[in-house]
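# missing the sequence, but the structure's below:
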């Protein structure tokens, strides 16, 4: 099979109806130097039939089915099959403008960059559509990009550089360094994956583009717990390590990333189901073993300075008592509110 310029990877799980809308926007593209790889992650509704029909009508759409293993596994399966010079991700419940792929291909060809980054149009259930574009615009070396992107990622465009669906990555880099999604993560796996891409790409091109319509809904929201907060802390710590290794950890970047790590470190304790001494001792050990947590807590203001001081001083029993009293207070407050509402 001949290579193509862009491989579009779409993970899909129980998306009958919305995947048809997504595929319709893909088939409207006046660009055929591409392949679309739809990875059905063990759907149990009519998704498979919808996709099979689309694949039968367009030879450049390929349908692959696997046992249900999660979105990261589905994306990885698509990456293993992709033949394009660049890889682009699309979610099955989103749509793209008619000139979306031609525009991206033109920017990739003219810049020759290893990674292309653009914006997203956020579409909400209430009908609002909010454009989010990177402040960065133009061609950047790796050091220039790493120095500049945290102000967007952790600032007003929070999370923009962690989305999977607003980037094109050179496939040879993904294969050479075996860059894949961590299938054990359910939160921020996109950002974790792209931090690896940032570390191995030599050049970047950013431009304002909102032809991708990201539909927000309750679908796919993962509940945070103690384990997931540790994952999130590790991802932001990985970012800090990358910035340091590339001499891109400016004072401003340090403040931004450390604030995120400090806030998550406090949340790690606040979200404990049973704040007993053993659990708190384990969390404190995690903080102490982390390369950045203690430093981030010391240098940042947090949502609870009292809890922060107890964590840093290792006051396990006092912290256990404080967190237990806090949970009891919140429980009593919620119960009172519900009872008041019932009486009314």
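Thanks, I have it. Note that this is a predicted model, so its numbers are computed, not measured. Residues are numbered from 1 along each chain as shown.
# so what's the residue nearest in space to the middle of the chain closest to, chain neighbours aside?
For the chain, residue 190 is the residue whose C-alpha lies nearest the centre (CA atoms, centre = their mean; 3.4 Å). Leaving aside its sequence neighbours, residue 190 sits nearest to residue 164 (CB to CB, 6 or more residues apart in numbering; 4.2 Å). Bear in mind the C-beta positions are built from the backbone N, C-alpha and C, glycine included.
# please parse the chain into its domains.
The chain is divided into the following domains under automatic domain parsing: 4-215, 226-343.
# please identify the most buried of those domains.
domain 4-215 (a mean of 19; mean count of other CB atoms under 10 Å).
# any idea where the helices of the protein begin and end?
18-27, 47-57, 71-81, 100-111, 142-148, 150-153, 171-176, 189-200, 226-245, 251-270, 277-289, 293-299, 305-313, 316-343 (DSSP state H).
# quick one: residues in contact with the first one.
Contacts with helix 18-27, where a contact means CB atoms under 8 Å, 6 or more residues apart in numbering, come from 8, 10, 12, 15, 36, 38, 47, 50-51, 54, 58, 61, 90-98, 100, 215.
# one more: the third one?
Helix 71-81 is contacted from outside by 7, 9-13, 37, 39-41, 62, 64, 66, 87, 89, 164, 174, 180-183, 185, 189, 220, using CB under 8 Å, 6+ apart.
# again, only using 6 Å
9, 11, 37, 39, 41, 66, 180-181, 183, 189 (CB atoms under 6 Å, 6 or more residues apart in numbering).
# now the fifth one
Outside of helix 142-148, the residues that reach it under the criterion CB under 6 Å, 6+ apart are 136, 202, 204, 243, 246, 248.
# for the second one, phi and psi?
Read it as residue 202. phi -90, psi -30 (degrees, to the nearest 10).
# where does the residue nearest to residue 190 sit relative to residue 120, distance-wise?
Distance, residue 164 to residue 120, by CB to CB, to the nearest Å: 11 Å.
# got the helices of the chain as JSON lines, with distance to residue 128 and mean pLDDT columns?
Supplementary listing: the helices of the chain in JSON lines, determined by distance: least, CB to CB, whole Å; pLDDT from 0 to 100:
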{"stretch": "helix 18-27", "distance to residue 128": "19", "mean pLDDT": "92"}
{"stretch": "helix 47-57", "distance to residue 128": "28", "mean pLDDT": "83"}
{"stretch": "helix 71-81", "distance to residue 128": "25", "mean pLDDT": "98"}
{"stretch": "helix 100-111", "distance to residue 128": "21", "mean pLDDT": "97"}
{"stretch": "helix 142-148", "distance to residue 128": "28", "mean pLDDT": "98"}
{"stretch": "helix 150-153", "distance to residue 128": "21", "mean pLDDT": "94"}
{"stretch": "helix 171-176", "distance to residue 128": "34", "mean pLDDT": "98"}
{"stretch": "helix 189-200", "distance to residue 128": "23", "mean pLDDT": "97"}
{"stretch": "helix 226-245", "distance to residue 128": "27", "mean pLDDT": "92"}
{"stretch": "helix 251-270", "distance to residue 128": "26", "mean pLDDT": "96"}
{"stretch": "helix 277-289", "distance to residue 128": "38", "mean pLDDT": "94"}
{"stretch": "helix 293-299", "distance to residue 128": "34", "mean pLDDT": "97"}
{"stretch": "helix 305-313", "distance to residue 128": "36", "mean pLDDT": "94"}
{"stretch": "helix 316-343", "distance to residue 128": "29", "mean pLDDT": "75"}
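# so which of these comes closest to residue 125?
Closest approach to residue 125 among the helices of the chain is made by helix 18-27 (13.4 Å; CB to CB).
# distance to residue 288 added to the contacts of helix 71-81, as TSV?
Formatted as TSV, those follow (distance: CB to CB, whole Å):
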residue	distance to residue 288
9	40
11	37
37	44
39	40
41	38
66	40
180	31
181	29
183	28
189	26
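# coming back round to it: the contacts of helix 18-27 in strands, which ones?
Among these, the residues falling in strands (DSSP state E) are 8, 10, 12, 36, 38, 61, 95-96, 215.
# among the residues you listed, which two are most distant?
Farthest pair in these, by CB to CB: 61 and 215, 20.8 Å.
# separation between residue 192 and residue 93?
According to CB to CB, residue 192 stands 22 Å off from residue 93.
# thanks a lot, see you next time.
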